[in-house]
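1. Please work out how this folds:
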Amino acid sequence: MPESLLRFHFLSLLLLCCCVSPASFAKIDGLYYLDDVVVGVVACLPRQILEAFTQFTNEFDTRSCNHSDYSNGAWCDNSTGAVTKIQLTGCLSGTLKPNSSLFGFHQLRHLDLSNNNFISSTFPSKFGNLNRLEVLILSSSGLLGHVPSSI
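-> As a prediction, the model looks like this:
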């Protein structure tokens with residue numbers, strides 16, 4: 001089946017899920033998710049999630065990511081359109097830089113970057129700027145240094 005036809009079917013199905021079903025969770029492209037979907041109203045556009053999430057993941061080698069793993073991805077709050085959860089476990093390799101686009105997700109409440117390979121990365125103090133963070137999981141991620149007291 002041609003890729004354009006597959007995309008059309010996917011978008012049609014997505015529209016149906018968002019506008020007809022009061023589901024609280026809709027799968028998007030095997031990796032990106034909407035949380036708290038409201039019937040007929042979608043503030044969280046899949047393209048917005050995709051662009052922001054892709055900008056972050058492009059900072060790393062993601063060849064070991066399993067893109068069909070439902071537990072990995074990005075979620076957003078449909079009432080605000082902001083990304084509130086990022087979970088990427090065991091698939092990122094590279095340096096987590098202090099100017100990473102990760103620190104632009106100011107509404108982030110849940111972040112799980114465990115079991116990644118952050119090579120020669122010290123614990124960025126900018127984690128302290130994510131002041132809405134309720135859950136931070138960085139175990140076995142290779143980050144060096146101390147957790148800032150501001151977290």
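2. Quick check: which ranges of the protein have low pLDDT?
-> 1-45, 48, 67-68, 70-71 (pLDDT under 70).
3. Can you show me the strands along it?
-> Applying DSSP state E to the chain gives strands spanning 25-28, 32-35, 73-76, 83-87, 93-94, 110-112, 117-118, 135-137.
4. Could you export those strands as CSV, including mean neighbour count and distance to S100?
-> Heads up, the C-betas are built off the backbone N, CA and C, glycines and all. Putting the strands of the chain into CSV (neighbours: other C-beta atoms under 10 Å; distance: least, C-beta to C-beta, whole Å) gives the following:
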stretch, mean neighbour count, distance to S100
strand 25-28, 17, 23
strand 32-35, 22, 19
strand 73-76, 23, 15
strand 83-87, 21, 12
strand 93-94, 15, 10
strand 110-112, 18, 12
strand 117-118, 18, 10
strand 135-137, 14, 15
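5. Out of these, which is closest to G128?
-> strand 135-137 (10.9 Å; C-beta to C-beta).
6. tell me what that closest one is packed against?
-> The contact analysis (3 or more C-beta pairs under 8 Å, 6 or more residues apart in numbering; DSSP states H and E) places strand 135-137 against strand 110-112.
7. got a list of contacts for the strand it packs on?
-> Identification of contacts with strand 110-112 by C-beta atoms under 8 Å, 6 or more residues apart in numbering yields 75, 84-89, 102, 130, 133-137.
8. now stretch 55-62
-> By C-beta under 8 Å, 6+ apart, the residues outside stretch 55-62 that reach it are 65, 86, 88, 91-94, 97, 100-102, 105, 116.
9. 10 Å instead?
-> Outside of stretch 55-62, the residues within contact range by C-beta atoms under 10 Å, 6 or more residues apart in numbering are 31, 54, 65, 74, 83, 86, 88, 91-97, 99-105, 116-119.
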